[in-house]
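Student: sequence and computational prediction follow.
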Amino acid sequence: MKKPNTPQLSLRVPEPSGRPGDAPDFSHLRFDAAGAVDRPDVASTPYEMRDHAFQLVRVLDDDGKAVGPWNPNLDPETLRQGLKAMILTRAFDDRMHRAHRQGKTSFYMKCTGEEAIAVAQGMILRREDMGFPTYRQQGLLISRGYPLVEMMNQIYSNASDPIKGRQLPIMYSSKEYGFFTISGNLGTQVPQAVGWAMASAYKGDDKIAISWIGDGATAEGDFHNALTFAAVYRAPVILNVVNNQWAISSFMGIAGGLETTFASKAIGYGLPALRVDGNDFLAVWAATKWAEERARTNQGATVIELFTYRGAPHSTSDDPSRYRPGDEHEKWPLGDPVDRLKQHLIALGEWSEAQQEEAEKDAVEQVRAAGKESEAIGTLGQSRPSVKTMFEEVFATEDWRLVEQRREVGV
Amino acid sequence: MVTASNAPASTPASGDVVPMNMIQALNSALDVKMAEDGNVLSFGEDAGYFGGVFRVTDQLQQKHGLTRSFDAPISECGIVAAAIGMGAYGLRPVVEIQFADYIYPAYDQIVSEAAKLRYRSGGQFTSPITVRSPYGGGIFGGQTHSQSPESLFTHIAGLKVVVPSNPYDAKGLLTACIEDDDPTIFFEPKRLYNGPFDGWHEKPVSPWKTQEFAQVPTGKYVEPIGKARVMREGNDVTILAWGTMVWVSLAGAEHAGVDAEVIDLRTLVPLDIETIEASVKKTGRCVIVHEAPKTSGYGAELSALVQERCFYHLEAPIARVCGWDTPYPHAFEWEYFPGPQRVADALKATMSGGR
Ligand SMILES: Cc1ncc(C[n+]2csc(CCOP(=O)(O)OP(=O)(O)O)c2C)c(N)n1
């Protein structure tokens, strides 16, 4: 009970700037102009580049021109390759989302609006490096040319599912493509990425690790443990925070995103941080290259906050119109990553609307062909790996309990 | 004691045989493996320079270098997670959780991650890590330095759970864990670090050096995971125990004057069901002894297994002697801790057909 003459305390619960029915309002967010943020030397101390944790690295301006010190000056072929991978990722998402609606799978998650992130980073890192992704980095596999059919087989848990019907759709796993097995438990992969990077450093190799976590999941202890370990042991790792502003229905303020930026969380750990326009392929590329150079030259980890917006529902089980303004995505001030890269290539004279249309058609065709092939093997429930495999790979060698239990099932 | 006929097959040891306590034997296991395999490294809170609060990793940093044996932040979750990443890379990290009571912050990484990597990646990624942790009571550690959480791990698909009861097994089994391609949880009974405590707390603890199980080869040898050891042959009742309770059970059998067969399980997962089954079918009775609370302890699982497999051979109900279902107390340690008297009482009751 309150004593007389003392102020009454009140509990604050952060709320987003708009709810359904409201007009989208991004006026509380700060966006530096393209080209405005300086590019520190990779040998800078975290202290010297403190401001970078609060500013926003952008390269593409509103006219699709690449400007400023972060311009990576990529050759047109690389840009086209990136654009095509983004287009393909989007086409893949659309088809699989529809496949869910058609009852062909139990679940799907799109990365609409976030394609630039995994695609650019997937193109930069080497195959021998290891990515520790979340469920929104399908672009990593796609940009590296992982067979779409295999992804679909996983989503359908069909007889050719490379991970034998054991995981939720979209929880891919490919050592060969530098894609660590996805966990359903948020955040657990980040300290593992640090451990993997520590191992490479311990062995005196030249491989680095890269991990992703959502803005919401940065509140997990795993994220903070990872920052401690990365800083203490100077691990060669890139630690991305994909701030897409929504963690299912909770806006980023619930994870602490109003008090400070997610990039700035690195400061307390003595790690350098960059805050980057996640819808700007070139800015993502440049920042990742910067962090890559740091890691590869034994200068340790970098935290990168990729500022973006989750355009699609959280998953096929989610209806965002229940908790945010309906047209918030269209009003997102940083635009759409595919459109922006397309505009840039067109401005360079290296692309045209006709080529774009062609690329989109081609992507749909690729996905359609892969879909036919995968669906011929079977969608969820139509075909599946042998039930025998359910009892396999629990241990390196089976123990008697599993042998007995398998017999009980009769396989 | 162990005879040639019931000793489990282990690989031949090299080097001199010298008396060691359990701490020295564990240290020797790490030392020998680290010398043999550059992929083996060891870290944990205070585990580097100082060599661990129980000194199990003593001198490893001095001998093998700073990057082979080092201190870790006080972050059990981070320690295990980093080990998982290292294991996925191809290393064989051995991490120390300073007390088993502090393994809970790492539980998610152990259960959801280490245990499941092989399965969920279709065999592409594995987690050949060893998590070592001193556990158990009898040292006046109070609630947060005395727990026996082994059953929590036996319930988890994909984990191996190993608990040695003597220096010889400690070294051979830890070596096996390090070489194992699956994640292993290795619980070290801290009451036995210095000697084979027999449960009579008013008696002084005898040092290991007079014990045959303290004769430990200095070179490498491996004790197989998944093989129990018959510590005492007997015809009337089978006692199943592990860790400190092996010695308590031996003392209890002596005290009761019952011809009990005492089996040290050594590995809880995978379990040596054959040795258990053969023994209970021979004796017709079974008493299970563990330190952890009774409810949902591993004794419950063992009891169900024995019942499933030996029902028609049983001449008395299966009995359990366990810790109580209370938090681990400080002042009432000897009322809580299952001692030889309780084991003897259970043996006598079992011999007379149950309670
Ligand atoms: C440890 C854990 N807690 C809760 C969940 C349920 N969950 C799945 S996704 C999600 C939101 C994650 O949001 P964010 O980290 O921002 O990533 P995003 O989905 O926006 O990419 C939640 C709460 C989970 N998978 N794991």
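Tutor: Perfect, thanks for sending it. Numbers count the residues shown, from 1 in each chain, chains lettered A, B, ... in the order given.

Student: separation between residue A:24 and residue B:207?
Tutor: Separation of residue A:24 from residue B:207 (CB to CB, to the nearest Å) stands at 75 Å. In short, each C-beta sits where N, CA and C put it, glycine included.

Student: contact partners of stretch B:300-311?
Tutor: B:151, B:154, B:240, B:271, B:273, B:276-277, B:280-281, B:286, B:288, B:294, B:314, B:318, B:320 (CB atoms under 8 Å, 6 or more residues apart in numbering or on different chains).

Student: try it again with 7 Å
Tutor: Outside of stretch B:300-311, the residues within contact range by CB atoms under 7 Å, 6 or more residues apart in numbering or on different chains are B:154, B:240, B:273, B:276, B:277, B:280, B:281, B:286, B:288, B:318, B:320.

Student: so which of those residues comes closest to chain A?
Tutor: residue B:273 (6.1 Å; CB to the nearest CB).

Student: which pLDDT value does the model give the closest one?
Tutor: pLDDT for residue B:273: 98.

Student: and what of the one 5 residues further on?
Tutor: The pLDDT attached to residue B:278 in the predicted structure is 98.

Student: in a strand, it, correct?
Tutor: No. Residue B:278 is assigned helix when assessed by DSSP: H, G, I helix; E, B strand; the rest coil, not a strand.

Student: of all the residues in chain A, which ones are close to chain B?
Tutor: By the rule CB under 7 Å from any CB of the partner chain, the part of chain A lying against chain B is A:162-164, A:166-167, A:173-175, A:180-181, A:183, A:185, A:188, A:191-196, A:198-200, A:202, A:221-222, A:225, A:228-229, A:232, A:393-396, A:399-400.

Student: in helices, which of these appear?
Tutor: A:191-196, A:198-200, A:202, A:221-222, A:225, A:228-229, A:232, A:400 (DSSP state H).

Student: hang on, residue B:268 packs against residue B:159?
Tutor: No. Applying CB atoms under 7 Å, one finds residue B:268 not in contact with residue B:159, separated by 9.8 Å.

Student: and the closest residue to the ligand within the stretch 1-150 of chain A, how many neighbours?
Tutor: For the stretch 1-150 of chain A and the ligand, the shortest gap (CB to the nearest ligand atom) falls at residue A:136, measuring 4.8 Å. Number of residues near residue A:136 (other CB atoms under 10 Å in any protein chain shown) recorded here: 24.

Student: now it, nearest residue through space, not along the chain?
Tutor: Excluding the flanking residues, the one nearest residue A:136 by CB to CB, 6 or more residues apart in numbering or on different chains is residue A:111, at 4.4 Å.

Student: the helices in chain A, which residues?
Tutor: A:76-101, A:115-124, A:138-143, A:148-156, A:189-203, A:221-232, A:281-296, A:337-347, A:353-377, A:400-409.

Student: in CSV: the ones you listed, plus distance to residue B:56 and mean pLDDT.
Tutor: Formatted as CSV, the helices of chain A follow (distance: least, CB to CB, whole Å; pLDDT from 0 to 100):
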stretch, distance to residue B:56, mean pLDDT
helix A:76-101, 50, 98
helix A:115-124, 41, 98
helix A:138-143, 41, 98
helix A:148-156, 43, 98
helix A:189-203, 21, 98
helix A:221-232, 22, 98
helix A:281-296, 34, 98
helix A:337-347, 52, 98
helix A:353-377, 52, 98
helix A:400-409, 31, 94
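
Student: give the contact list for residue B:73.
Tutor: Counted by CB under 7 Å, 6+ apart, residue B:73 has contacts A:228, A:229, A:232.

Student: could the helices of chain A go into TSV alongside distance to residue B:198?
Tutor: As requested, the helices of chain A are exported to TSV (distance: least, CB to CB, whole Å):
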stretch	distance to residue B:198
helix A:76-101	63
helix A:115-124	61
helix A:138-143	59
helix A:148-156	56
helix A:189-203	41
helix A:221-232	41
helix A:281-296	55
helix A:337-347	70
helix A:353-377	63
helix A:400-409	33
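
Student: need the ones you listed in CSV (columns: distance to residue B:170 and mean neighbour count).
Tutor: Supplementary listing: those in CSV, determined by distance: least, CB to CB, whole Å; neighbours: other CB atoms under 10 Å in any protein chain shown:
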stretch, distance to residue B:170, mean neighbour count
helix A:76-101, 52, 20
helix A:115-124, 46, 28
helix A:138-143, 44, 26
helix A:148-156, 43, 24
helix A:189-203, 26, 29
helix A:221-232, 29, 24
helix A:281-296, 40, 25
helix A:337-347, 57, 21
helix A:353-377, 50, 15
helix A:400-409, 25, 12
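
Student: what does chain B have sitting close to chain A?
Tutor: B:41, B:67, B:73, B:75, B:77-78, B:81-86, B:88-89, B:91, B:108-109, B:112-113, B:117-125, B:157-158, B:181-182, B:270, B:273.

Student: looking at the residues you listed, which are in strands?
Tutor: residue B:41 (DSSP state E).

Student: residues from the stretch 201-350 of chain A in reach of the ligand?
Tutor: A:214, A:215, A:216, A:217, A:242, A:244, A:246, A:247, A:248, A:310, A:314 (CB under 6 Å from any ligand atom).

Student: filter those residues down to the buried ones and hand me the PyMOL line.
Tutor: In PyMOL, a selection of the buried entries from those looks like this (16 or more other CB atoms under 10 Å in any protein chain shown):
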select buried, chain A and resi 214+215+216+217+242+244+246+247+310+314
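
Student: out of the residues of the stretch 201-350 of chain A next to the ligand, which comes closest to the ligand?
Tutor: Nearest to the ligand among those, with distances taken as CB to the nearest ligand atom, is residue A:214, at 2.1 Å.

Student: now do the contacts for the nearest residue to that closest one once chain neighbours are set aside.
Tutor: Counting by CB to CB, 6+ apart, the nearest residue to residue A:214 once its immediate chain neighbours are dropped is residue A:242, at 5.6 Å. By CB under 7 Å, 6+ apart, the contact set of residue A:242 is A:114, A:117, A:136, A:212, A:214, A:215, A:278, A:306, A:308.

Student: okay, the nearest residue to the fourth one once chain neighbours are set aside and residue A:37: tell me how far apart.
Tutor: Pointing back at residue A:212 there. Once flanking residues are discounted, residue A:212 sits nearest to residue A:240: 4.6 Å by CB to CB, 6+ apart. Noted for residue A:240: a distance of 18 Å to residue A:37, by CB to CB.

Student: quick one: which of these two has more around it?
Tutor: residue A:240 (33 against 24).

Student: ok, the residue of the stretch 1-150 of chain B found nearest the ligand - contacts?
Tutor: At 7.6 Å from the ligand, residue B:108 is the closest residue in the stretch 1-150 of chain B, using CB to the nearest ligand atom. Contacts for residue B:108 (CB under 7 Å, 6+ apart) come out as A:185, A:188.

Student: so for it, what's the pLDDT?
Tutor: pLDDT at residue B:108 comes out at 98.

Student: gap between it and residue A:265?
Tutor: Counting by CB to CB, the gap from residue B:108 to residue A:265 is 21 Å.

Student: what is the neighbour count of residue 264?
Tutor: Since no chain was named, I'll use chain A. Neighbours around residue A:264, by other CB under 10 Å: 18.

Student: that's the wrong chain, I wanted chain B
Tutor: Counted with other CB under 10 Å, residue B:264 comes out at 26.

Student: what does residue B:185 give?
Tutor: Neighbour number of residue B:185 under other CB under 10 Å is 30.

Student: that one should be in a strand, yeah?
Tutor: Yes. Assignment of residue B:185 by three-state DSSP places it within a strand.
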